[in-house]
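1. turn this into a model:
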Amino acid sequence: MSQLPRCTVCGLSKKPLGRSIPLDATYCLSTCPGFWLDPQPTTHWPHEDETKQIRRWPCGTEQAMPSEPYGWLSDDFEIVTVPLDYEVGE
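-> Next comes the predicted model:
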């Protein structure tokens, strides 16, 4: 698993660009003088490198998420994050 880049000024991990963080979390933010220095902040959390999202219906049917969004016949499914090597059951 990859890790977030660490700020060379404050020593904290750099928050991914465009991502929310919990109120009680402590990360290097864009207001820190070292945030934009190398190593550059990422655009994703470390676990996102190793996961994918699938659709899962109550009956147990699963389907890979399409690369392009489109209208589904039913919205009675949940989006689940699974490991990249997870085998989707149709």
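2. quick one: low-confidence parts of the protein?
-> When residues are selected by pLDDT under 70, those of the chain lie in 1-2, 49, 51, 66-75, 83-84, 89-90.
3. and the residue nearest the centre of it, how far from residue 81?
-> What sits nearest the mean C-alpha location of the chain, by CA atoms, centre = their mean, is residue 48, with 4.1 Å. Residue 48 sits 9 Å away from residue 81, going by CB to CB, to the nearest Å. Bear in mind the C-beta positions are built from the backbone N, C-alpha and C, glycine included.
4. swap in residue 87?
-> 15 Å.
5. who's more crowded, the two?
-> Neighbours around residue 87 and residue 81, counted as other CB atoms under 10 Å, are more numerous at residue 81. The numbers are 11 against 6.
6. for the helix or strand where that one lies, name the packing helices and strands.
-> According to DSSP states H and E, residue 81 maps onto strand 78-83. Secondary structure elements in contact with strand 78-83, counted by 3 or more CB pairs under 8 Å, 6 or more residues apart in numbering; DSSP states H and E, are strand 51-56.
7. contacting residues around the strand it packs on?
-> 62-65, 77-84, 86, 88 (CB atoms under 8 Å, 6 or more residues apart in numbering).
8. got the buried residues for the helix or strand that that strand is followed by?
-> Next in sequence after strand 51-56, counting helices and strands by DSSP H and E, comes strand 62-64. By neighbour count with 16 or more other CB atoms under 10 Å, strand 62-64 contains the buried residues residue 62.
9. mind giving me the domain split of this protein?
-> Domain assignment for the chain by automatic domain parsing gives 1-44, 47-83.
10. neighbours around residue 38, how many?
-> 7.
11. all further residue positions should be reported with the first residue as 405.
-> All right, first residue 405 from here; so that's residue 442.
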